[in-house]
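>>> Turn this into a model:
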Amino acid sequence: MRAGHWLLCLLALWSGGAMAQAYPARTVIMIVPSAPGGTLDALGRLMARGMSADLGRNVVVENVSGAGSIVGMQRLVRSDPDGHVIGFGNLGSLAANVAVTRELGFDPRQDLTPIGIVGNVPMVIAASPRSGVRDLTTLLVRIREQGEGVTFGTPGTGTTGHLAPAYLLSLTGLRATLVPYRGAGPAMSDLAAGTVDAVIDQTVTMIPAHLGRTAVALAVTGSRRLQQLPDVPTFAEAGVPGFDMVIWNAIAGPKGMPPAVVERLVRSIDVALADPAVTTRFADLATQAPPPEERGPEVLRRRIAADVDRWIEVVRRSGMAVQ
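Got it, this is the predicted structure:
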C-alpha cells in the first residue's frame, strides 16, 4: 500500500509538471465582463499584453457585457476549467454583486478559481462639462434641490460604478437617479454629451476623461490627492470623509482549474506587473499593483469572501435596491 501510495504521488507530481509545461496549448481568452472603454477593459488589455509575452501565446480580451457584468461572469463560470478561458473582474463583479442581485446564477466564493489581484484603483466623481458643476458641494446642493432629476451614469447594476453613487447617496441622505449602461465607456460618452450629470468610476477611466475635458473631476478617494490630479480634492477635503472606496481588480478562472495551471498564471501575472510598459501605464492611471505578499490565489479568495460579507451589510444598512 505504501509503495502504491508513493507511486500515485509521483504520478500526480509528474502529471502536474507536464500540464504546466504544456500550458497554454492555444490562445487564452480573457473575459472582461463590460463594454470596451472602461476601467476593466483598459486594465485587462494591459495585463493581457504583458501575460502574452510571458506565456508565449496570445491572451485575447473578449468583452462580454450585459446585466452589470453578470452575463460575462456567467460565461466565465461555465467555461472549461483548463486555463484557456480566464476572467478579469473587480470588487463589483467578483464579490459585491452578490449583495445587489438576487438571481446571480453563481457564487463567486464557490464557483471561481481565484488567481490573483493585479491592481488597486482609487475612484473619482466627475460631472458633465455641460452641467456647470465644478465642485462636489455644488453637485450635492443640486441633488438636494432637484432630487431624482439629477442623474448618475453607471456601468451597470452591481458594478463598482453603480455601487459607488448608491453608497454616496446613502452616506449623504440624498436621492438621485442611477442610469445603468452596458459598461463605463457608454456612460462616459453620455457624461461628455451632458445626457447624465455625473459618474463615479475608477481613475483608469476618469483621469484621461478629465485631462481630455470630457469630464470634470470633483473629488478622489484616498487619504491624499493624486499626483495626476493635483487640483482635485479628496472626498474628505470636499466634505464627505466617509466615502473612501478603493477598488481591487483581479484575475480568476472557472472552478476546478488545475493547480499547476493556476501557478503558471500567477507567475505570468508577476512577470506582467514587472513589465516597464505596464508599471508606467499603471502609474499614469494611479493604479497600484499590490506587493507580492498581497497577490496570489489565497489572498484573492479571502478578499472575495470578506467583500461579499461587507457589501451584504452595506446594502442592508443603506437600503440600496436589490435587483
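
>>> So which residues of the stretch 101-250 of the chain form strands?
For the stretch 101-250 of the chain, the strands defined by DSSP state E, counting those that start in this stretch occupy 112-127, 151-154, 177-180, 198-202, 216-220, 246-254.

>>> Can you mark which positions in stretch 108-116 are buried?
108, 111-116 (16 or more other C-beta atoms under 10 Å). The C-beta positions use only the backbone N, C-alpha and C, and glycine is treated the same way.

>>> Tabulate those residues (a markdown table), appending pLDDT.
Listed next are the buried residues of stretch 108-116 as a markdown table, based on pLDDT from 0 to 100:
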| residue | pLDDT |
| --- | --- |
| 108 | 95 |
| 111 | 97 |
| 112 | 97 |
| 113 | 98 |
| 114 | 98 |
| 115 | 98 |
| 116 | 98 |
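
>>> Just the C-alpha atoms of stretch 209-219, please, in CSV.
Output of stretch 209-219 as CSV, limited to C-alpha atoms (Å, rounded to 0.1, in the frame of the first residue of the first chain):
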residue,chain,number,x,y,z
ALA,A,209,-11.5,61.9,-19.3
HIS,A,210,-10.7,64.8,-17.0
LEU,A,211,-7.5,65.7,-18.8
GLY,A,212,-9.3,65.4,-22.1
ARG,A,213,-12.0,67.7,-20.8
THR,A,214,-14.8,65.3,-21.4
ALA,A,215,-15.5,65.1,-17.7
VAL,A,216,-14.8,67.5,-14.7
ALA,A,217,-13.3,65.6,-11.8
LEU,A,218,-14.7,66.8,-8.4
ALA,A,219,-13.2,64.6,-5.8
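
>>> Nearest spatial neighbour of residue 165, chain-adjacent residues omitted?
residue 152 (4.1 Å; C-beta to C-beta, 6 or more residues apart in numbering).

>>> what pLDDT does that neighbour get?
pLDDT, residue 152: 97.

>>> Residue 199 now?
pLDDT for residue 199: 98.

>>> my guess is it meets residue 154, correct?
Yes: contact criterion C-beta atoms under 8 Å: residue 199 and residue 154 qualify, at 7.3 Å.
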